[in-house]
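Engineer: turn this into a structure:
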Amino acid sequence: MLSSASTIAVVSNGEIFTSQERGVKPLLHLLSEKKGFLKGASVADKVIGKAAALLMVLGEIKEVHTLIISEPAIKVFEKHNIPCFYDKKVDRIVNRTGDGLCPMETLCLDVEEPKEAFQKITDFIKTMKK
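Structural biologist: Residues are numbered from 1 along each chain as shown. Here you go, the predicted structure:
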């Protein structure tokens, strides 16, 4: 389902969305600009941490497939009864330089509610743009 260039692919009601953007940006785009697109969708993503999992729950996806997933993300999907298929499970998602945790994973480690995660993530991104 994922091409080598895509980081995420979403199939919803016969329509396919793909993106080459990294992190949670494609999910934020879908939640903000294509409201309802994720509802009942099948998602394939290269890497899923807790932040992405909470955003997918907010969008009401049907199922998810990923290459790498964090333990906290698996727990989110289990809690919300979303089938999750993966190649490799890790304790946490690391940042792009490999010297610490992914900022989104850190931001959402103590968050349990999808709406709260969406707000924290969008606030964080606004702060980073300043």
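Engineer: so where's this structure uncertain?
Structural biologist: Along the chain, segments meeting pLDDT under 70 span 1-4, 130.
Engineer: skipping its backbone neighbours, what lies nearest the most centrally placed residue in it in space?
Structural biologist: Centroid-nearest residue in the chain, with Cα atoms, centre = their mean: A52, separated by 2.2 Å. Nearest residue to A52, sequence neighbours excluded (Cβ to Cβ, 6 or more residues apart in numbering): V24, at 5.4 Å. Using the backbone N, CA and C atoms, a C-beta is placed for each residue, glycine as well.
Engineer: I figured the one you found was touching I121, is that so?
Structural biologist: Yes - with contact defined as Cβ atoms under 8 Å, V24 counts as touching I121 (6.1 Å).
Engineer: T18: neighbour count?
Structural biologist: Counted with other Cβ atoms under 10 Å, the burial measure for T18 works out to 16 neighbours.
Engineer: with the one 10 residues further on instead?
Structural biologist: A count of nearby residues for L28, using other Cβ under 10 Å, gives 17.
Engineer: what helix or strand is it on?
Structural biologist: Counting by DSSP states H and E, the element that carries L28 is helix 25-33.
Engineer: quick revisit: ok, the residue nearest to A52 - contacts?
Structural biologist: 51-52, 55, 104, 121 (Cβ atoms under 8 Å, 6 or more residues apart in numbering).
Engineer: unless I'm mixing things up, the residue nearest to the centre of the chain is touching C102, no?
Structural biologist: No - judged on Cβ under 8 Å, A52 makes no contact with C102 at a distance of 9.6 Å.
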